[in-house]
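>>> heads up, no residue letters with this:
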């Protein structure tokens with residue numbers, strides 16, 4: 001492959017798929033984009049089906065997960081006999097897009113960083129022969 005074309009392809013792969021990987025990572029670890037995970041769990045996450053009622057006295061915690069991308073929400077209501085319950089909000093679509101984009105970004109980096117192949121001298125003989 002032509003070295004200039006190879007570098008151009010590598011640069012396009014790095015820029016496009018690197019940006020896509022970052023965007024999918026950002027969307028993957030949010031439910032609705034409103035602050036930290038505990039706030040997101042309080043405002044928009046589905047509640048557990050068992051236990052409750054889940055009023056203001058409910059202790060809500062949240063944590064981001066990196067594989068799969070998402071947010072785990074834990075609810076503990078003092079008004080029931082059920083212990084803390086965790087609701088897993090995984091975003092497998094964002095995880096897949098992030099992984100595929102990261103792989104293509106690495107391919108682009110390899111194309112950019114790979115040294116040019118040595119050039120062959122055609123038709124030249126060593127001196128003295």
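Right, received. Where do you want to start? Please read all numbers here as calculations on a predicted model, not as lab measurements.

>>> Could you list the buried residues of the lowest-mean-pLDDT helix or strand in the chain?
Least confident helix or strand of the chain, by mean pLDDT, DSSP states H and E, is helix 37-44 with a mean of 84. In terms of neighbour count (16 or more other C-beta atoms under 10 Å), helix 37-44 has its buried residues at 37, 38, 40, 41, 42. To be clear about C-beta, it is placed using only N, CA and C from the backbone, and glycine gets the same treatment.

>>> now the residues you listed in TSV, with distance to residue 91?
Compiled in TSV, the buried residues of helix 37-44 are given as follows (distance: C-beta to C-beta, whole Å):
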residue	distance to residue 91
37	13
38	18
40	12
41	14
42	19
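
>>> Looking at those, which is nearest residue 106?
Distance from residue 106 was checked for each of the buried residues of helix 37-44 by C-beta to C-beta. The minimum falls on residue 37, at 28.7 Å.

>>> For burial, what's the neighbour tally of the residue nearest to that closest one when sequence neighbours are not counted?
Taking C-beta to C-beta, 6 or more residues apart in numbering, and ignoring the residues beside it in sequence, residue 37 has residue 62 as its nearest neighbour in space, at 3.0 Å. If you count neighbours by other C-beta atoms under 10 Å, residue 62 ends up with 22.
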